[in-house]
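# curious how this folds, go ahead:
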Amino acid sequence: MKRLVNYFLQGLLYIAPLGITAYIIYLIFNFIDNILDDKLEEIFKIDIPGLGLVIIFLFLVLVGIIGQSILARPFKVLFKRIIEKAPLLKLIFSALNDLFSAFVGKEKKFNKPVIVLVNPISNLEKLGFLTEEDLSILDEKEKVAVYFPHSYNFSGELFIVPKNQVRLIDVNPSVIMKFIISGGVSGIYEEQETVNDIN
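Just a heads-up that it's a prediction; the model follows:
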């Protein structure tokens, strides 16, 4: 009986992450696809699963292409002027823009993984990402900004720490992020080897 329970738990261990991932993908697919579902059904007189997703994807690609071209410059200038006149809107927009840029933009911010000595007495260290080295605006010349993501959560904390307590590490940033978010459960060596094989 004990062996049967053990096999059951092993099966759950294999299936649960796969099933949950598939379910999340299904929910995202359904949500995005349903955004245009009614309108597309009116136009084409037929319900085609996934058509809304394809159209949204193509629309975003088109926006990306136009955004990189010279045609978008006047609109960018106009939008910037509107944002400048609305301080609250500017605050929200710039915060969201910086957040998205940090993950997917050309100037990714979470690309410098570090180990920070948090408590010199107990030699306690913490993994994080160096986000800003020049803190002269805060009148802190010997300190840097380090972001510490939380485990099992999409949040974190920003700390201002002394430079001499921060050590850069030569590991792929995505591997470190996954390692932190998983609470150290994901194998850091195996993940790094996988990334190296892909690259």
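
# tell me which residues are up against stretch 120-136.
Stretch 120-136 has contacts (Cβ atoms under 8 Å, 6 or more residues apart in numbering) with 102, 109-118, 141, 143-149, 158-160, 165-166, 168, 173, 176-177, 179-180. (Each C-beta comes from the backbone N, C-alpha and C, glycine too.)

# ok, of the residues you listed, which come out buried?
102, 109-110, 112-116, 143-149, 165-166, 173, 176-177, 179-180 (16 or more other Cβ atoms under 10 Å).

# in helices only, show me the residues you listed.
For those, the ones inside helices are 102, 173, 176-177, 179-180, with DSSP state H as the criterion.

# the lengthiest strand in the chain pairs with which strands, parallel or anti?
Secondary structure of the chain per DSSP state E: the longest strand is strand 124-132. Applying DSSP bridges, strand 124-132 is found paired with strand 113-119 (antiparallel), strand 143-149 (antiparallel).

# could those strands go into JSON lines alongside distance to Leu135 and mean pLDDT?
Listed next are the strands paired with strand 124-132 as JSON lines, based on distance: least, Cβ to Cβ, whole Å; pLDDT from 0 to 100:
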{"stretch": "strand 113-119", "distance to Leu135": "15", "mean pLDDT": "90"}
{"stretch": "strand 143-149", "distance to Leu135": "6", "mean pLDDT": "90"}
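
# wait, which of these is closest to Gly52?
Smallest distance to Gly52 across the strands paired with strand 124-132 (Cβ to Cβ): 32.5 Å, for strand 143-149.

# sounds good, over and out.
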